[in-house]
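Student: for reference, the sequence and a predicted model appear below.
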Amino acid sequence: MLEIKDLHANINGKEILKGINLTVKPGEVHAIMGPNGSGKSTLSNVLVGHPAYEVTKGSVTFLGKDLLSLKPEDRSHEGLFLSFQYPVEIPGVSMVNFMRAAVNEQRKYKGLPALSASEFLKLMRQKREIVELDSKLANRSVNEGFSGGEKKRNEIFQMAMLEPKLSILDETDSGLDIDALRIVAEGVNKLKTPETSCIVITHYQRLLDYIKPDIVHVLYKGRIVKTAGPELALELEEKGYDWIKKELGE
Amino acid sequence: MTGLRKNWENNKPEIKNMKAEQQYIDLFTQCEAMICRHSADVLNAPRAKAFADFEAAGFPSQKVEKYKYTDVAKFFAPDYGLNLNRLEIPVNPYEVFKCDVPNMSTSLYFVVNDTFDTHDNPAAQLPAGVIFGSLKDVALENPELVKKYYSRLADTSKDSVTAFNTMFAQDGVFMYVPKNVILERPIQLVNILRADVNFMVNRRMVIVIEDGAQAKLLVCDHAMDDVNFLSTQVVEIFVGENACFDLYELEETHNSTVRFSNLYVRQEANSNVLLNGMTLHNGTTRNTSEVTLAGKGAEITLCGMAIADKNEQVDNNTFIDHQASDCTSNELFKYVLEDQAVGAFSGKVLVREGAQRTNSQQTNSNICATREARMFTQPQLEIYADDVKCSHGATVGQLDENALFYMQQRGISLKEARLLLMFAFVNEVIDKIRMDALKDRLHLLVEKRFRGELNKCQGCAICGSIKN
């Protein structure tokens, strides 16, 4: 599904990713962990095409296409979704108008007709239930005045609406209380199919208790330095990152 | 800021200052008798003083604070035709103009250039005692009534454009809603500029809303022909105690139209006025709005928006005079500027001694969507009372890049994302409108404007012929 080869990327001339190699197959859940500043968020931003990042070397293939040559909106249409670490507030743009524009542009890309107003509202209602999102929130401006937990639930709601093939959850657990964490994680699990994949970026094991990873990677100084099964996350939770740094001879 | 200011001034062509005035001084001297013959005594009475004021002051230069952002003389310097002899313009607006929007339920009137159209007047629909008609005709039929109001707020010694208009205005609109009469249906007035040569129009409006009366007026400005237009307009609005009045002005003209509008409002105790000026399409527009809160507890909502692209210019100058105590003023102006468009907003709020418990808020927010677009904003507060709540804020910015990227990640194209943000930005001004049908229509018009699909009003036969 996703194949990253020797990916290097800069922001403001500073190299953050220094040769990432990663392959994600359909149905897999990958966890990416690593100390602060190791490049986890940069990786997710580069994959979705954030204009502030410059790819200097390497390639990314997504479902057979050269991902890096696609515009951000087309990456989304192809089935790539990012749950933002810091969802953006958009005053004045209602959730309804925002999601309708998103859903209908995706349909247009796929050659499908736009949804009628009633079809669309029905879809909103159905998907809202997955993350128990209040109908009042759906009528408000995008993320404006939402609490931290509501923002993250809103991200998963949008994921439900757009039905991506590969979702990147960038620290979706940060700022969540235990109940909100459970709702968000259950939402992600409900949306999981044998064909869809997920990259979970997190600092903590607690999210991985709900969303079970098949493979865990440690990202450090712009490279993936360790890859193992789910037991790696538990080991990191217990011991921190120092032992990995030692292994690397630091 | 200095650099920008310099650029602005560089746009001025070289004109010797008094030259622009001289042709009008000559014109007035030669044609005064003709101007008066085709108007009414009430309108003729203040002409001599207006002329003296204009001759003394000339057009304001950009050194005059109030006209800092618009070079008046530059726009008056070219040669324009005037219809001082009142030749009839061959057009029946009711036949060519189908601007009606379902559920708008307005009484529809037309002014062609400055002449009130009498083809098919829906006067019968107005409640007894309400007058909506030609200023000249009402002034001839009922001079005592018009005399009480005409040229009472518009001081010709303080503004040369007002003086100019007072010299040349021959007709326009008189609106009168007597005491305690409630006008259920909003009135819609469509101003059509129509000429075969470059043309000047001097239009005048007097609006009287007596104590306890209520009315809503929508004024749409259109330019029909592909010539250069210069229109001046002076509007005097008197709002009595406990009266309520909404005025919506919508400009949808074209790039070769210059508009100067001076609007004066006087509000008595506990009156409530909403003024909303929306510039969707224009050439150069200068709107001056002066509101006097003369009676205790009066409330004014003064708002406006401008969507400008290409070389369009929009300059709004507002002055709110808090003379009485316990008055409220809310001001909100928003601009979206694209291409090389230039916007200016200057808003002064004066709280006089004794105007205690004044509540005043002023907001001016602007988006310059391109690097070449420029915005000048100048909020001013002058307070001489000690128990007041006043605030003001002005911002000039670009579209939020984080929001744009967030939307793109959800599959919304950059173009569409920009539209959604710009649309959201001006919605705040549209949402101030107290007529649901107009609000809905404006949402549509603004969206079409941003998409570049706005061919003026929907279903309007005239507009199809206008070049944008």
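Tutor: It's in.
Student: quick one, strands of chain A?
Tutor: When secondary structure is read from DSSP state E, chain A shows strands at A:2-11, A:14-24, A:29-33, A:53-62, A:65-66, A:80-83, A:90-94, A:141-142, A:166-170, A:197-201, A:215-220, A:223-228.
Student: flag the shaky bits of the stretch 51-200 of chain B, pLDDT-wise.
Tutor: Within the stretch 51-200 of chain B, the stretches with pLDDT under 70 are B:89-106, B:120-124.
Student: which residues in it form helices?
Tutor: Residue ranges of the helices in the stretch 51-200 of chain B, as given by DSSP state H, counting those that start in this stretch, are B:72-76, B:93-96, B:135-141, B:143-147, B:160-168.
Student: follow-up on the earlier one: a markdown table for the strands of chain A, including distance to chain B, mean neighbour count and mean pLDDT?
Tutor: Placement of C-beta: from N, CA and C, glycine included. Formatted as a markdown table, the entries for the strands of chain A read as follows, by distance: least, C-beta to the nearest C-beta, whole Å; neighbours: other C-beta atoms under 10 Å in any protein chain shown; pLDDT from 0 to 100:
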| stretch | distance to chain B | mean neighbour count | mean pLDDT |
| --- | --- | --- | --- |
| strand A:2-11 | 14 | 18 | 95 |
| strand A:14-24 | 18 | 17 | 94 |
| strand A:29-33 | 18 | 24 | 93 |
| strand A:53-62 | 11 | 16 | 95 |
| strand A:65-66 | 15 | 12 | 96 |
| strand A:80-83 | 6 | 26 | 96 |
| strand A:90-94 | 3 | 20 | 91 |
| strand A:141-142 | 8 | 23 | 93 |
| strand A:166-170 | 10 | 25 | 95 |
| strand A:197-201 | 15 | 25 | 94 |
| strand A:215-220 | 21 | 22 | 92 |
| strand A:223-228 | 24 | 16 | 91 |
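Student: distance to residue B:304 added to those strands, as JSON lines?
Tutor: As requested, these are arranged in JSON lines below (distance: least, C-beta to C-beta, whole Å):
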{"stretch": "strand A:2-11", "distance to residue B:304": "41"}
{"stretch": "strand A:14-24", "distance to residue B:304": "45"}
{"stretch": "strand A:29-33", "distance to residue B:304": "51"}
{"stretch": "strand A:53-62", "distance to residue B:304": "40"}
{"stretch": "strand A:65-66", "distance to residue B:304": "48"}
{"stretch": "strand A:80-83", "distance to residue B:304": "39"}
{"stretch": "strand A:90-94", "distance to residue B:304": "17"}
{"stretch": "strand A:141-142", "distance to residue B:304": "23"}
{"stretch": "strand A:166-170", "distance to residue B:304": "42"}
{"stretch": "strand A:197-201", "distance to residue B:304": "46"}
{"stretch": "strand A:215-220", "distance to residue B:304": "52"}
{"stretch": "strand A:223-228", "distance to residue B:304": "56"}
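Student: and those: which comes nearest residue B:342?
Tutor: Nearest to residue B:342, of all those, is strand A:90-94, at 24.3 Å by C-beta to C-beta.
Student: list of residues touching the closest one?
Tutor: Outside of strand A:90-94, the residues that reach it under the criterion C-beta atoms under 8 Å, 6 or more residues apart in numbering or on different chains are A:98, A:139-144, B:400, B:403, B:406-407, B:420-421, B:423-425, B:427-428.
Student: neighbours around residue B:43, how many?
Tutor: Applying the criterion other C-beta atoms under 10 Å in any protein chain shown, we find 26 residues in the vicinity of residue B:43.
Student: now do the contacts for it.
Tutor: B:135, B:136, B:139, B:150, B:169, B:170, B:171, B:204.
Student: hmm, 7 Å instead?
Tutor: For residue B:43, the contacting residues are B:136, B:139, B:150, B:169, B:170, taking C-beta atoms under 7 Å, 6 or more residues apart in numbering or on different chains as the criterion.
Student: quick check, nearest of these to chain A?
Tutor: Set against chain A, the nearest of these by C-beta to the nearest C-beta is residue B:169 (40.5 Å).
Student: quick check: the closest one touching residue B:206?
Tutor: No: contact criterion C-beta atoms under 7 Å: residue B:169 and residue B:206 do not qualify, at 10.7 Å.
Student: contact partners for the residue of chain B at minimum distance from chain A?
Tutor: In chain B, the residue that lies nearest chain A is residue B:424 (2.8 Å; C-beta to the nearest C-beta). In this structure, residue B:424 makes contact with A:91, A:92, A:93, judged by C-beta under 7 Å, 6+ apart.
Student: buried sites along the strand or helix carrying residue B:438?
Tutor: Residue B:438 is part of helix B:436-451 when elements are defined by DSSP states H and E. If you call a residue buried by 16 or more other C-beta atoms under 10 Å in any protein chain shown, then helix B:436-451 has these buried ones: B:437, B:438, B:439, B:440, B:441, B:442, B:443, B:445, B:446, B:449, B:450.
Student: neighbours of residue B:126, how many?
Tutor: 18.
Student: next: the one 4 residues further on.
Tutor: Other residues near residue B:130 number 18, with proximity taken as other C-beta under 10 Å.
Student: likewise residue B:33?
Tutor: Tallying neighbours of residue B:33 according to other C-beta under 10 Å, which is how burial is gauged here, yields 8.
Student: what separation is there between it and residue B:71?
Tutor: Using C-beta to C-beta, to the nearest Å, one gets 32 Å for the distance from residue B:33 to residue B:71.
Student: before we move on, back to that, pull out the buried members of the contacts of strand A:90-94.
Tutor: Judged by 16+ other C-beta under 10 Å, buried ones among the contacts of strand A:90-94: A:98, A:140-143, B:400, B:403, B:406-407, B:420-421, B:423-425, B:427-428.
Student: hang on, the earlier thing: closest to residue A:44 out of the strands of chain A?
Tutor: Shortest separation from residue A:44 across these is recorded for strand A:166-170, at 4.7 Å, computed as C-beta to C-beta.
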